[in-house]
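Participant: quick one, what's the 3D model for this:
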Amino acid sequence: MGPVPDVFRAIIAHMSDGVLFLDDQHVIRLCNPAAEKIRKVKADHIVGRSIFDIHPRRAHPQLSELLVNMQTGALPLSHRIVEAQGRCFDNSYSSIQDPQGNFIGTLLVSRDITEQRRLAEEVCQLKTVLATKEKGPPLVFNSPVMKRILETLEAVAPLESTVLITGESGTGKECLVELLHRLSQRSGKPLIKVNCGALPESLIESELFGHVKGAFTGAHSDNKGKFVAATGGTLFLDEIGELPLTAQVKLLRVIQDRIVQPVGGQKEIKVDIRIVAATNTDLGKAVREGRFREDLFYRLNVIAIEAPPLRDRPEDIVPLAEAFLKYFARKMKKPLPALSAPVRDILLSHALPGNVRQLQHAMERAIALGRGEMILPADLPADLQGKASPLPPAIPFAQSRLKEALGSFERDFILQSLSINEGRKIPTAKALGISRKTLWEKMQRYQLNGNVTISEHPL
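Facilitator: Take a look at the predicted model:
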């Protein structure tokens, strides 16, 4: 048998996973045949070159930040889901250290998960339908951005990595956590939810880590705490950004060691849990302002998922509203009404700052108070009725012919819809009930390009 390094090289050469190794200066030192096939490049062309010669820092800032965090030890392990050549790959990045703890390089392993993702999607769709029937309001994954999130959830659900879900209030972060848990191998165990923002500061440690009888005034019995209660399952820390700094220190140790010590107790308890956190605040900004520990942020931010606001997924608004109507009609044992065209127009043209939660409450109210076979504007809450697109000011009758009046009305109506949808053509066209081509032609006719800022957002 030859030297050990040769044995390792032989093993890596026969692996089906693509393997790259970057040294402490981010120079590529190893590229196995599987990586050549995945990246469609010969090892001779990249070995010995800096990764930043191939992927410049300016064009790939996320990669640059990731490798710097690997080098400093701030992020010892990370995953990214990457699509290339019609395939899907789970890229894992590991910080490699010598026995003395010195950084010697970054190991990148690319695993083809295309088939697993396809099978998981089928299972996920079935589980989602069943969960909708049994447990509560549905998730809708019609828009491209939500389909990408579903793919990410499917890919990370079998893993044990910590997940951080960010997004505005009401975007459905808790629903994503529930789906992640149901798709995981821990689905048979409890999902314990903790609202960090609702816990009194004096009781946070007791609620999270437990306490023993007599630990403080009012502790009349032992309390095992949320971490122990979640053993074998998933612990969901909602509004993690509201956690006080004193509690953040202890939480960091638990995440690192998976060991808790109840308040007033001497015994340490080992816990087997997966941690998922969520926040509607900018944790990066909180770190810069000293309100959130940087080391805890990196421990939580292993796999990040951003729940998009409803305004960025207009394709989901009407299907989601209809799904809510079905859910609440069944729950209240009432006939299922249909959405009228005016209500559809209101929902598509409204900013919906409360996101999915606002839409859910609106449909619940419509089912509870509606009387007819269709949901009409009068059945909607006042906040939706009041902020629906109002008609432009009336044109003086004596000064305008019918054709001119209609043209002026149409121009102002299109301009207002563009403004509501922040210049995005696709949601504007959908709100108006016309094609994007027709919208473009009317914008040219009325010379609207210079009157509204047109966003290049893909949605």
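
Participant: show me the domain layout of the chain.
Facilitator: 4-112, 116-308, 311-387 (automatic domain parsing).

Participant: wasn't Glu83 part of a strand?
Facilitator: Yes. Counting by DSSP: H, G, I helix; E, B strand; the rest coil, Glu83 is part of a strand.

Participant: next one: it from Glu306, what distance?
Facilitator: For Glu83, the distance to Glu306 (Cβ to Cβ, to the nearest Å) stands at 17 Å. All C-beta atoms are positioned from the backbone trio N, CA, C, and that covers glycine.

Participant: looking at these two, which has the bigger crowd around it?
Facilitator: Neighbour comparison, Glu83 and Glu306: the larger count goes to Glu306, with 15 against 12 (by other Cβ atoms under 10 Å).

Participant: contacting residues for the nearest residue to the more buried one once chain neighbours are set aside?
Facilitator: Take Glu306 and drop its neighbours on the chain: the residue closest to it by Cβ to Cβ, 6 or more residues apart in numbering is Thr166, 5.1 Å away. Going by Cβ atoms under 8 Å, 6 or more residues apart in numbering, Thr166 touches Lys173, Ala278, Thr279, Asn280, Leu283, Ala304, Ile305, Glu306, Ala307.

Participant: can I get the buried part of those as one ChimeraX selection?
Facilitator: Selection of buried members from the contacts of Thr166 for ChimeraX, criterion 16 or more other Cβ atoms under 10 Å:
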select :173,278,279,280,283,305,307
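
Participant: using JSON lines, lay out the contacts of Thr166 together with secondary structure, distance to Leu448 and pLDDT.
Facilitator: Formatted as JSON lines, the contacts of Thr166 follow (DSSP: H, G, I helix; E, B strand; the rest coil; distance: Cβ to Cβ, whole Å; pLDDT from 0 to 100):
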{"residue": "Lys173", "secondary structure": "helix", "distance to Leu448": "37", "pLDDT": "93"}
{"residue": "Ala278", "secondary structure": "strand", "distance to Leu448": "40", "pLDDT": "96"}
{"residue": "Thr279", "secondary structure": "strand", "distance to Leu448": "39", "pLDDT": "94"}
{"residue": "Asn280", "secondary structure": "coil", "distance to Leu448": "35", "pLDDT": "91"}
{"residue": "Leu283", "secondary structure": "helix", "distance to Leu448": "39", "pLDDT": "93"}
{"residue": "Ala304", "secondary structure": "strand", "distance to Leu448": "38", "pLDDT": "94"}
{"residue": "Ile305", "secondary structure": "strand", "distance to Leu448": "37", "pLDDT": "95"}
{"residue": "Glu306", "secondary structure": "strand", "distance to Leu448": "32", "pLDDT": "95"}
{"residue": "Ala307", "secondary structure": "coil", "distance to Leu448": "32", "pLDDT": "94"}
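
Participant: follow-up on the earlier one: now render the domains of the chain as CSV, adding distance to Pro427.
Facilitator: Listed next are the domains of the chain as CSV, based on distance: least, Cβ to Cβ, whole Å:
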stretch, distance to Pro427
domain 4-112, 25
domain 116-308, 11
domain 311-387, 4
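
Participant: just the element for Gln416, please.
Facilitator: helix 402-420 (DSSP states H and E).

Participant: now that helix: mean pLDDT?
Facilitator: The pLDDT scores in helix 402-420 average 70.

Participant: can you name the element that comes right after it?
Facilitator: Note on helix 402-420: by DSSP H and E, the next helix or strand toward the C-terminus is helix 425-432.

Participant: between the next helix or strand after that following helix and helix 425-432, how many degrees?
Facilitator: Counting by DSSP H and E, the element after helix 425-432 in chain order, helix or strand, is helix 436-445. With axes from the mean of the first three to the mean of the last three Cα atoms, to 10 degrees applied, the angle from helix 436-445 to helix 425-432 works out at 100 degrees.

Participant: chain center to helix 436-445, what's the gap?
Facilitator: 34 Å (Cα atoms, centre = their mean, to the nearest Å).

Participant: and stretch 317-335, by the same measure?
Facilitator: Per Cα atoms, centre = their mean, the centroid offset for stretch 317-335 relative to its chain is 24 Å.

Participant: buried stuff in that stretch?
Facilitator: Ile317, Val318, Leu320, Ala321, Glu322, Ala323, Phe324, Leu325, Tyr327, Phe328, Ala329.

Participant: ok, stretch 424-441 next?
Facilitator: Applying 16+ other Cβ under 10 Å to stretch 424-441 flags Arg424, Lys425, Pro427, Thr428, Ala429, Lys430, Ala431, Leu432, Leu439 as buried.

Participant: gap between the two ends of that stretch?
Facilitator: 15 Å (Cα to Cα, to the nearest Å).

Participant: before we move on, what about stretch 22-38?
Facilitator: 17 Å.

Participant: which parts of it are buried?
Facilitator: Buried, per 16+ other Cβ under 10 Å, within stretch 22-38: Leu22, His26, Val27, Ile28, Leu30, Cys31, Asn32, Ala34, Ala35, Glu36, Ile38.

Participant: out of those, who's nearest Lys226?
Facilitator: Leu22 (39.5 Å; Cβ to Cβ).

Participant: show the pLDDT at the spatially closest residue to Cys31 that is not a sequence neighbour.
Facilitator: Leaving aside its sequence neighbours, Cys31 sits nearest to Ala43 (Cβ to Cβ, 6+ apart; 4.0 Å). pLDDT, the model's per-residue confidence, is 91 for Ala43.

Participant: wait, Ala43 sits on Arg29?
Facilitator: No. Counting by Cβ atoms under 8 Å, Arg29 is not a contact partner of Ala43; they are 10.4 Å apart.

Participant: so where is the stretch 251-400 of the chain shaky, pLDDT-wise?
Facilitator: Where the stretch 251-400 of the chain drops to pLDDT under 70, the residues are 386-400.

Participant: apply 90 and report the result again.
Facilitator: In the predicted model of the stretch 251-400 of the chain, residues 253-258, 260-268, 281, 330-331, 341, 351, 353-354, 369-373, 378, 381-400 satisfy pLDDT under 90.

Participant: and the helices in the stretch 201-350 of the chain?
Facilitator: 204-209, 225-229, 245-257, 283-288, 294-300, 317-332, 341-349 (DSSP state H, counting those that start in this stretch).

Participant: export the first one as PDB, just CAs?
Facilitator: To tie it back to what came earlier, the one meant is helix 204-209. This file holds the C-alpha atoms of helix 204-209, laid out as PDB (Å, rounded to 0.1, in the frame of the first residue of the first chain):
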ATOM      1  CA  ILE A 204     -36.800  33.500  29.600                       C
ATOM      2  CA  GLU A 205     -34.100  31.100  31.000                       C
ATOM      3  CA  SER A 206     -36.700  29.200  33.000                       C
ATOM      4  CA  GLU A 207     -39.000  28.800  30.000                       C
ATOM      5  CA  LEU A 208     -36.200  27.700  27.700                       C
ATOM      6  CA  PHE A 209     -33.900  25.700  29.900                       C
END
